[in-house]
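Novice: sequence-free structure coming up:
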């Protein structure tokens, strides 16, 4: 029996958390993602599944609760928006360094600084290149619908445990605040403590039985050779992730002369811009990276092999464009278009930019 | 054949029920099997500030929930009139409540309708349902969903404790259909 609802992207994240068997959510309110915590408080999952929902004293508190709880092999997550995500950066690095699974949802808003509460996509660098100090990567998923906000919570936990790595769902104020039809799946039960011990025996700290070897979870290694080995292990893991976990969507790219590259809300807006361009007789395609780390470098190049121009569209000064350039090299013209500071570009503006920057040159 | 797609904006003051009208339309469209999106201007708006919501109801999947040209604009205050009248597509529809409007719309390439919902709702003791009168008026002009679906949509978006108000809301919707006039 399918459960069809009309709800906001943020609400879908909360429902997904409860239904995927999440053990704990720790967060702090910030627009435009506050409905995640609000919806969880309304759903009262501590009475049904036993899931813990806690409003921390700050984002720093929240991410460190995640760090602690993740050590025990539990499924834990947090959510915030850009300035709050910045505060969590130290925690991301520790969690990645200690190789722990967790899910972080960023419903991004315009910056820099406290910025604006309106939508933004200027956290691309933060999410994919520099979530914190040190050589580490988070896996980054970019939903572009309310249904994907729901589905990606399940996917994110799967990836987080598969690789014992933090996974960020990088959304934005449009996808978080908009309502759409969403199909909710059957709730999965939370894992029992016995199952957690069984499945996470090799690394989690779940209470040491007599005679068993103890697990140590740490992100500090004072011997540089040992720390370098940790780095080698992390890099080997990221290599596997780059090879196996790339996801993307290509619409009308095979025969296209020009490609719009966009994720999240800009992918939705660019889809309509693509329709406008096609109505006007231009062969324009839309390439949407679904994973931002790993970025679909080879796929962007090979799927769009006919294209001679790429327009990277995001609500920023131009961050993803660097990866688009890395993907296609010097073989094609690559341009950026995007409004900033919380202003959302319209499909018409994207279509105009496509003409000015690529079609009419 | 051109498929049905309605891209609309509902704009007014916070507290007028602008977001709720949009939600009811989205719900009823969804129940009739259409694809829908509902995107609020979610700023620091509150009672007295401006509020607006973009709703798309479509046979095709909704590509962009953000649009800047509308098939229909429902306008409930002067600021929204100034901002959104120019953004109605040629051949589109503008519906407005005359209450508080000092500069009336002047475009000749769109169909303009008025409904004195604020005043009528007050004299009939339905003040809190004035937005449902507007909604009923809109659906009389452009029946993208049936009135029955809209009433079901309303029941879906109202909390149980307010379901006793459903008959009055339905009355307000039907009344709106009778009161709307071509300007």
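Specialist: Yep, it's here. From a predicted model like this one, the values you see are computed outputs, not experimental measurements.

Novice: what's in contact with the lengthiest helix in chain A?
Specialist: Counting by DSSP state H, the longest helix found in chain A is helix A:224-244. Helix A:224-244 is touched from outside by A:96, A:97, A:99, A:135, A:136, A:137, A:139, A:163, A:165, A:221, A:293, A:294, with contacts defined as CB atoms under 8 Å, 6 or more residues apart in numbering or on different chains. In this view, the C-beta of every residue, glycine as well, is placed from N, C-alpha and C.

Novice: With pLDDT and secondary structure as extra columns, can I get those residues in CSV?
Specialist: Shown next, in CSV, are those (pLDDT from 0 to 100; DSSP: H, G, I helix; E, B strand; the rest coil):
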residue, pLDDT, secondary structure
A:96, 98, helix
A:97, 98, helix
A:99, 98, coil
A:135, 97, coil
A:136, 98, coil
A:137, 98, coil
A:139, 98, strand
A:163, 98, helix
A:165, 98, coil
A:221, 95, coil
A:293, 98, strand
A:294, 98, coil
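
Novice: Buried residues, the longest helix of chain A. List them.
Specialist: A:230, A:234, A:237, A:238, A:241, A:242 (16 or more other CB atoms under 10 Å in any protein chain shown).

Novice: Chain B: helices as residue ranges?
Specialist: For chain B, the helices defined by DSSP H cover B:18-31, B:78-84, B:117-123, B:130-141, B:147-157, B:166-179.

Novice: could I get the buried residues of helix A:224-244 as a markdown table with pLDDT?
Specialist: Formatted as a markdown table, these follow (pLDDT from 0 to 100):
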| residue | pLDDT |
| --- | --- |
| A:230 | 97 |
| A:234 | 98 |
| A:237 | 98 |
| A:238 | 98 |
| A:241 | 98 |
| A:242 | 98 |
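
Novice: Of those, just say which sits nearest to residue A:209.
Specialist: residue A:230 (26.7 Å; CB to CB).

Novice: Would you mind measuring from the closest one to chain B?
Specialist: Per CB to the nearest CB, to the nearest Å, residue A:230 is found 43 Å from chain B.

Novice: And for residue A:307?
Specialist: 20 Å.

Novice: now do residue A:189
Specialist: 29 Å.

Novice: Which residue, neighbours along the chain excluded, lies closest to that residue?
Specialist: residue A:21 (5.9 Å; CB to CB, 6 or more residues apart in numbering or on different chains).

Novice: what do you get for residue A:297?
Specialist: Counting by CB to CB, 6+ apart, residue A:297 lies nearest to residue A:327, which is 4.3 Å off, once chain neighbours are set aside.

Novice: what element comes up after the host helix or strand of that neighbour heading to the C-terminus?
Specialist: Per DSSP states H and E, residue A:327 falls inside helix A:321-328. Scanning forward in sequence from helix A:321-328 by DSSP H and E, the next helix or strand is strand A:333-337.

Novice: quick one: contacts of the helix or strand just after that following strand?
Specialist: Using DSSP H and E, the next helix or strand after strand A:333-337 towards the C-terminus is helix A:347-354. Outside helix A:347-354, the residues within contact range by CB under 8 Å, 6+ apart are A:258, A:260, A:266, A:269-270, A:272-273, A:275-277, A:284, A:311, A:313, A:335, A:337, A:339, A:345, B:63-64, B:66-69.

Novice: and those, which of them are in strands?
Specialist: A:258, A:260, A:284, A:311, A:313, A:335, A:337 (DSSP state E).

Novice: of those, closest to residue B:121?
Specialist: Closest to residue B:121 out of the ones in strands among the contacts of helix A:347-354 is residue A:313 (43.9 Å), distances taken as CB to CB.

Novice: count of residues packed around the nearest residue to the closest one once chain neighbours are set aside?
Specialist: The shortest distance from residue A:313 to any non-neighbouring residue, by CB to CB, 6+ apart, is to residue A:262 (4.2 Å). Other residues within reach of residue A:262 by the criterion other CB atoms under 10 Å in any protein chain shown amount to 30.

Novice: residues touching residue A:262, list them.
Specialist: With CB under 8 Å, 6+ apart, residue A:262 has these contacts: A:269, A:270, A:286, A:287, A:288, A:312, A:313, A:314.

Novice: Who wins on neighbours among those?
Specialist: Ranked by neighbours (other CB under 10 Å), those are led by residue A:270, which has 34 neighbours.

Novice: Contact partners for the residue lying closest to residue A:260 once chain neighbours are set aside?
Specialist: Leaving aside its sequence neighbours, residue A:260 sits nearest to residue A:270 (CB to CB, 6+ apart; 4.3 Å). If a contact means CB under 8 Å, 6+ apart, then residue A:270 has A:260, A:262, A:286, A:313, A:347, A:350 as its contacts.

Novice: Specify which member of those is nearest to chain B.
Specialist: residue A:347 (5.0 Å; CB to the nearest CB).

Novice: ok, the closest one to residue A:20 distance?
Specialist: As judged by CB to CB, to the nearest Å, residue A:347 and residue A:20 stand 33 Å apart.

Novice: same question, residue B:146
Specialist: 37 Å.

Novice: Please say which of those two ends up with more neighbours.
Specialist: residue A:20 (22 against 13).

Novice: Who are the contact partners of that one?
Specialist: A:75, A:153, A:154, A:157, A:188.

Novice: show me the contacts for residue 56.
Specialist: Going with chain A. Residue A:56 neighbours (CB under 8 Å, 6+ apart): A:26, A:27, A:28, A:62, A:65.

Novice: wrong one, I was asking about chain B
Specialist: Contact analysis of residue B:56 by CB under 8 Å, 6+ apart lists B:5, B:6, B:7, B:8, B:35, B:36, B:37, B:62, B:65, B:67.

Novice: What is the nearest of these to residue A:323?
Specialist: With CB to CB as the yardstick, the closest approach to residue A:323 among the contacts of residue B:56 comes from residue B:65, at 25.4 Å.
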